[in-house]
Every structure is written in C-alpha cells, then in structure tokens.
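structure for this input, please:
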Amino acid sequence: MILGLNVFHGDSSAALFRSGALTCAVEEERFNRVKHWAGLPLESARWCLGGDVPEHVAISRDPSANLVAKLLRATLHPGNWNRYASRAKNGIRVARVSNQLIAHGISSDRTRFHFVEHHRAHLASAFFCSPFEESAVVSVDGFGDFSSVMWGVGYGHRIHIQNVVHFPHSLGLFYTAFTQFLGFPKYGDEYKMMGMAAYGEPRFVEKVRDVVSTRGGICRLNLAYFTHHSQGVDMTWYGGEPKIGPTFSRKMTDVFGPPRIPRSEILPRHFDLAASVQAVLEENYFALLNHVQKETRQKTVCLAGGVALNCAANGRVFEKTGFQDVYIQPAAHDAGTSIGAALYVQHQVLRQPRSFTMRHVYYGPEYSDAEIQHDLHLVGAVWHKLTQDDLVRRTAAHIADGLIVGWFQGRMEFGPRALGNRSILADPRRKDMKDILNSRIKYREPFRPFCPSVLAECTGEYFDVSYPSPFMVMAYQIKADRQHQLPAVTHGDGTGRLQTVDRDVNPLYWRLIRRFGEITGVPVLLNTSFNENEPIVNTPAQALDCFLRTKMDVLTIGSYLLLKPENLHVSANRSTFAEIASSSTTIADR
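Next up is the predicted model:
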C-alpha cells in the first residue's frame, strides 16, 4: 500500500494505491472548503487510508533536488540570501512531514518515506497512468523543486529523464505574470485569461514575443519583465489559500500600459493582450513539444504540469506537432503529483510492473441513499424518490425544458473538472444559458465559457476532431454547421472544451446524455462544476446548500429529485444548515 501526498503546495492532495491500482484520491480543499488549499492534507490522507497504515508514503517534494543548481544561483546572487534562507526553511518543513504523519497516526515508524522531485512526480502521473507502453513525457508548470520543465521517455515501468529547465525561466510563470497584469491575482486564475483570449485579437504578439522564447526545447524569459528572480515571490504555502505576490516588473507596465485593476472593467485592449499572450504561449509550448518529438522520435506524448491544463493549446497538439497520440493527466496541476509520487515509488523505486490505466477520475467520497435521505429529512426538504430509469427520464426532460439541474451521483471527481458526478447541467441549445449560469448560479465574469459533455460515439458529428477527450482538457473546434445547435457551449473562437463520455466509464451520465439526445436530437449537455465560488461540493449537505442558495431549479442527488418551488420553505430557513454544510461532514455525522 502506497500513500501519495502533495504537501505544502497549492491543491494539496492525497492518493492511495493498493495492489498496484489507484483506489482513492482527493484534494484537501474538498474537506476544509478552502480553494486550492496549501498545506499538509491530513483529512485527505485519513479518508484515503480508512484507518490502515501504509507501507510507503511518497511525497511529491524533494528538498535535495537540483541542489547544485540552487547553490550555484545562491553563489552568483548573494544579495538574495533571505529568500534562499526562506526556501531552506521550506525544505526543512517538507523533510519533517514524516514526523507529523506519525504523530497524527497516519503512518508508523515502520513506514518507508520517499521524497520524489516535483516534476518527476508530474511525469509519473502522466506516463504511468497512460495506456502507452512507450511514450515521450513532458511536464510544464510554474516552478517546483527549482525547475519549470522536465521531459524524457517512458518505457514500461521506467522513465528516463532527458532534460530540465531550471529557475528562473518558466513558461508557467510567463503566463501567471500576464494573468496578474490583467487583474486576476489569485492562485489558479490563469484559466480566466485563457477564457478571455477567445474574445481578443492578438495585436500585441510581437511585443509579447520579447518576453519569452523557446529554442532547443529550452524556455528563456526576458528577466527585465519580471521580479521573481531578483526580489523573490511572496508565497504562502503553509496552510490556507495559497497566495502569490506580483511577479511582473515596471518594464511590463512601460511596454503594455497600466495593469488592469482587479474587478474593474475589462477593456478591448485587455482581451487583445490575453489573445496575444495565449498565442505566444502556444508558439513556445509547441516549440518545446516539437523539439521533444524530434529528440525522442516518439509518436505518443504524455503531458502534465499546470500548463498542460491549457485546453486551448492542447486542442491543437495534433495540428501543430508531430505527435499522433496524447494522454493528458486529468489532474495535471499539482494535485496530481500525489498520484505521480506514489506511482514513481511503485515503479521506479520498487520496480513493480504496470497494471493500472487512469480512464476516469471518480476516486473521491460517495454517499448512500440512506445518508442522503437522512440529510433531506433533517432539513425538511420535499423530494421524489425514483427508480434509475425514471431519474434519468425526468432529469433529461427538465434540462430540455430549460431548467438548471444540480447532478450529484456516485464518487466525487479528483482534479479540477466536474465530469458528470458533481456537475451542474443545462441545455446547450439555449443562447441565453451561458449568461444565465454566469449571473444566476456561478456569479462570475460574463466571458467565462461552459463545457459540452458529448457521447463519445457522437464526437465526430459535432467537432472537427474526434480524438477522445474524456477529461475536459482539450478544446476542439465545433463544426460550423453545428454551432447554432450548441450556442451555450461554443466559445468566442468557435471551440468547446469538451468531455467525451463513454458508456463503460460513467454509465449513468452516459444514459442521461443519450436520453437528452433522444428528446432534443442533440446528445450533448452543458456541464459545469457543482459549486458557487467555492470548491466543488463533496457532501450531500454541501450539494443541498448550493442548490438552495443559488437559483438552481432541480437537484438530482442519489435516487432523489428535488424541485426548487417545492423547497422554498427550506431556502428561507437555511442559516443553521449552511453552517453545517460548510464543514467536511454530512448532517448525519453530526
């Protein structure tokens, strides 16, 4: 038994492997309700283990990694000793994780602890979860263990590293700096700039090209535009929501004008700058991937790291590179390193053969009908208990009638995407549905897109590319003659960040989409995460609370269907209930 942990980094998480297969995986934010929580994921680890003690604990940080590069930089830049001392303290904190886990009863003095370099964990999370026996493998993000890019080749149960890009150069930080410049300062806000890019013209491309370049697979920043190398980055990683201070310099302002103030009006030049940054990111991303393809002579590639969540770029991999098959880790961000660290130990350290392919993300908690009914009864909700056939039939009919449905079924998803178990669903044919959801349910920027879930066998009917995309990490062009059928999920550039749904992977969700297609002729649903400016809901109590406090119309939870008009009395008296729902337990646990 191997417990993998992402500690003291954004999206802290835990994952458990038994007999070579992933059995549990969850982010700590789903329990403590703090988005992107950074710290030690004690609740996640406890839930994964269920009282057992692991033989191995794999931690996706290695304070000793790239030590020569760290010492060389410290020697060449002696004015930054305070920052290096802070990093050393961080390394000590990571090294002491074993003592904390033993103190909390999560491991014992017989447990073997392994510290796995950040990007090696990313690579392992991609290749060892893939169906490929041999593949190029690439990790691209901001920084982790003093590196930002790593690539190599996976063969069977081994990964051979071929090259690394060290601090201070980073494609991920390039994207983060412009995200901050455009008025989105929070950790994890990069997807907002990606969404903006579809509505702009890339008229600043030449200027942005001066900021970053990639040659021979090596990314280089023009450091005059940045401060992280000279002043450091004000980061908080030790519990709570991670925070990153500004990373761009005065030169960025001199060249691109004043930065946008958060929550202020988004002007045309902001959309144009976002489009330009996205275009330059893709140029560099594809330059890296093409170099790796030529160097490794592989036709398949596995991708991980935060940049690998850029679905706009991923959707063009076949068009812009020599790769013919791709596997992208669904939790490509740092949460996925808990899986990768465990797999690295399983295969690289223990030399066990591969027997696992990650085809889905349903590795989180689930709740029985008895637990759900207890919570419904406790708050005085009115519900309809249905057979599965009736549940699918009535839910599909409500969506076709224009109602917004909260869909809470089975095990919670691991990673940043709701993929049909903790989802809000709506009719993609309605032109006004995007604005309705952004204003009535999600309370977010109006340009933000929503995603289509499509029956896997129907993908080629609606998208220019039919290659499977089960994890919502690739954006394909929606066929021109189909866009009028899917206005709510067609983004400003004509793409959709799709999820292809296979019958054998998620049978219930597949049946719901098929039934909706039988009613409407369109086997596609609008799918967004079941939340409202919070982590995706975990418990029935949290699902009920989100349903009641927003203008959602229907809640389908387990075998139960709730209608908002029948539950207005609960909405008017939900203050105590909301307090309970904000915790990590169900009402029944209280």
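
dihedrals phi and psi, residue 191?
phi -60, psi -20 (degrees, to the nearest 10).

just checking, it touches residue 309?
Yes. Judged on C-beta atoms under 8 Å, residue 191 makes contact with residue 309 at a distance of 7.2 Å. To be clear about C-beta, it is placed using only N, CA and C from the backbone, and glycine gets the same treatment.

and residue 51, which of the three is it?
Residue 51 falls in the coil class when you classify it by DSSP: H, G, I helix; E, B strand; the rest coil.

residue 191 and residue 309: who's more crowded?
Higher neighbour count among residue 191 and residue 309: residue 309, with 28 against 19, using other C-beta atoms under 10 Å.

low-confidence stretches in this protein?
Across the chain, the ranges flagged by pLDDT under 70 are 70-71, 73-92, 232-238, 571-590.

and the lengthiest strand in it, what does it pack against?
When every strand of the chain is counted residue by residue (DSSP state E), the longest turns out to be strand 134-144. For strand 134-144, the elements it packs on are helix 118-127, strand 147-155, helix 171-181, helix 268-296, strand 300-304, judged by 3 or more C-beta pairs under 8 Å, 6 or more residues apart in numbering; DSSP states H and E.

give me the nearest residue to residue 417, chain neighbours excluded.
The spatial neighbour of residue 417 that comes closest, neighbours along the chain excluded (C-beta to C-beta, 6 or more residues apart in numbering), is residue 472 at 4.4 Å.

buried set for stretch 95-113?
Within stretch 95-113, the residues scored as buried using 16 or more other C-beta atoms under 10 Å are 95, 97, 98, 101, 102, 106, 107, 111, 113.

if we can go back for a sec, and the helices and strands packed on strand 134-144: which comes nearest residue 6?
Of all the helices and strands packed on strand 134-144, the one in closest proximity to residue 6, counting by C-beta to C-beta, is helix 118-127 (8.0 Å).

with only the CA atoms kept, save that closest one in CSV.
The C-alpha coordinates for helix 118-127 follow below in CSV (Å, rounded to 0.1, in the frame of the first residue of the first chain):
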residue,chain,number,x,y,z
HIS,A,118,8.2,17.7,-8.1
HIS,A,119,8.5,17.2,-11.9
ARG,A,120,9.4,13.5,-11.7
ALA,A,121,6.0,13.2,-9.9
HIS,A,122,4.3,15.1,-12.7
LEU,A,123,5.9,12.9,-15.3
ALA,A,124,5.0,9.7,-13.4
SER,A,125,1.4,10.9,-13.1
ALA,A,126,1.1,11.3,-16.8
PHE,A,127,3.0,8.3,-18.2
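
relative to strand 147-155, how tilted is that helix?
Counting by axes from the mean of the first three to the mean of the last three C-alpha atoms, to 10 degrees, helix 118-127 points 40 degrees away from the direction of strand 147-155.

turn the helices and strands packed on strand 134-144 into TSV, columns for mean neighbour count and distance to residue 407.
TSV is the format used below for these (neighbours: other C-beta atoms under 10 Å; distance: least, C-beta to C-beta, whole Å):
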stretch	mean neighbour count	distance to residue 407
helix 118-127	32	27
strand 147-155	23	36
helix 171-181	25	30
helix 268-296	21	31
strand 300-304	28	28
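
now do the strands in the stretch 1-150 of the chain.
Assigned strands in the stretch 1-150 of the chain, in chain order: 2-6, 13-18, 21-27, 56-59, 112-115, 134-144, 147-155 (criterion: DSSP state E, counting those that start in this stretch).

check the stretch 201-350 of the chain too.
212-215, 218-221, 235-236, 243-244, 300-304, 325-328.

okay if I get the ones you listed as JSON lines plus distance to residue 315?
Output for the strands of the stretch 201-350 of the chain, formatted as JSON lines (distance: least, C-beta to C-beta, whole Å):
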{"stretch": "strand 212-215", "distance to residue 315": "20"}
{"stretch": "strand 218-221", "distance to residue 315": "21"}
{"stretch": "strand 235-236", "distance to residue 315": "31"}
{"stretch": "strand 243-244", "distance to residue 315": "27"}
{"stretch": "strand 300-304", "distance to residue 315": "12"}
{"stretch": "strand 325-328", "distance to residue 315": "10"}
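
single out the most deeply packed of the ones you listed.
The highest mean neighbour count among the strands of the stretch 201-350 of the chain belongs to strand 300-304 (a mean of 28), with neighbours defined as mean count of other C-beta atoms under 10 Å.

residues making contact with it?
Residues external to strand 300-304 that are found in contact with it (C-beta atoms under 8 Å, 6 or more residues apart in numbering): 122-123, 125-127, 130, 132, 134-140, 154, 289, 292-293, 314, 317, 321, 323-329, 332, 336, 340.

residue 67: neighbour count?
Look at residue 67: counted by other C-beta under 10 Å, it has 12 neighbours.

er, residue 250 I mean
Neighbour number of residue 250 under other C-beta under 10 Å is 10.

check residue 566 too.
Neighbours of residue 566 under the rule other C-beta under 10 Å: 12.

before we move on, what SS does it have?
helix.

and the closest residue to it other than its chain neighbours, what element?
Taking C-beta to C-beta, 6+ apart, and ignoring the residues beside it in sequence, residue 566 has residue 382 as its nearest neighbour in space, at 4.2 Å. Element membership of residue 382 [criterion: DSSP states H and E] is none; it lies in no helix or strand.

residue 382: what's it in contact with?
The neighbourhood of residue 382, defined by C-beta under 8 Å, 6+ apart, consists of 562, 563, 566, 567.

tell me the most packed of those residues, by neighbour count.
residue 562 (23 neighbours).

okay, and the beta partners of that one?
Beta bridges link residue 562 to residue 555 when assigned by DSSP bridges.

kindly provide the distance from residue 406 to residue 35.
Distance of residue 406 to residue 35, given as C-beta to C-beta, to the nearest Å: 19 Å.

same question, residue 312
In this view, residue 312 and residue 35 are 23 Å apart by C-beta to C-beta.

give me the more crowded residue out of these two.
For residue 312 versus residue 35, neighbours defined as other C-beta under 10 Å are more numerous around residue 312 (21 against 18).

ok, that one touching residue 194?
Yes. Using C-beta under 8 Å, residue 312 is in contact with residue 194, at 5.8 Å.

what touches both of these two?
Residues touching both residue 312 and residue 194 by C-beta under 8 Å, 6+ apart: residue 278.

residues near residue 44, how many?
Around residue 44 sit 30 other residues, with neighbours defined as other C-beta under 10 Å.

which residue is the nearest non-sequential neighbour of it?
With sequence-adjacent residues excluded and distances taken as C-beta to C-beta, 6+ apart, residue 44 is closest to residue 14, at 3.7 Å.

tell me what that neighbour is bridged to.
When bridges are taken as DSSP bridges, the partners of residue 14 come out as residue 5, residue 26.

middle-most residue in this structure, spatially?
For the chain, the residue whose C-alpha lies nearest the mean C-alpha position (C-alpha atoms, centre = their mean) is residue 416; its distance is 3.0 Å.

what about that residue, which SS state?
Per three-state DSSP, the secondary structure class of residue 416 is coil.

quick check: it vs residue 521, distance?
Relative to residue 521, residue 416 is positioned 31 Å away (criterion: C-beta to C-beta).

returning to that earlier point: which one among the contacts of residue 382 gets closest to residue 479?
Proximity of the contacts of residue 382 to residue 479 (C-beta to C-beta) peaks at residue 563, which lies at 35.6 Å.

residues near the residue nearest to residue 327 when sequence neighbours are not counted, how many?
Across the structure, with C-beta to C-beta, 6+ apart as the measure, the residue nearest residue 327 apart from its sequence neighbours is residue 130 (3.7 Å). Applying other C-beta under 10 Å, we find 23 residues neighbouring residue 130.
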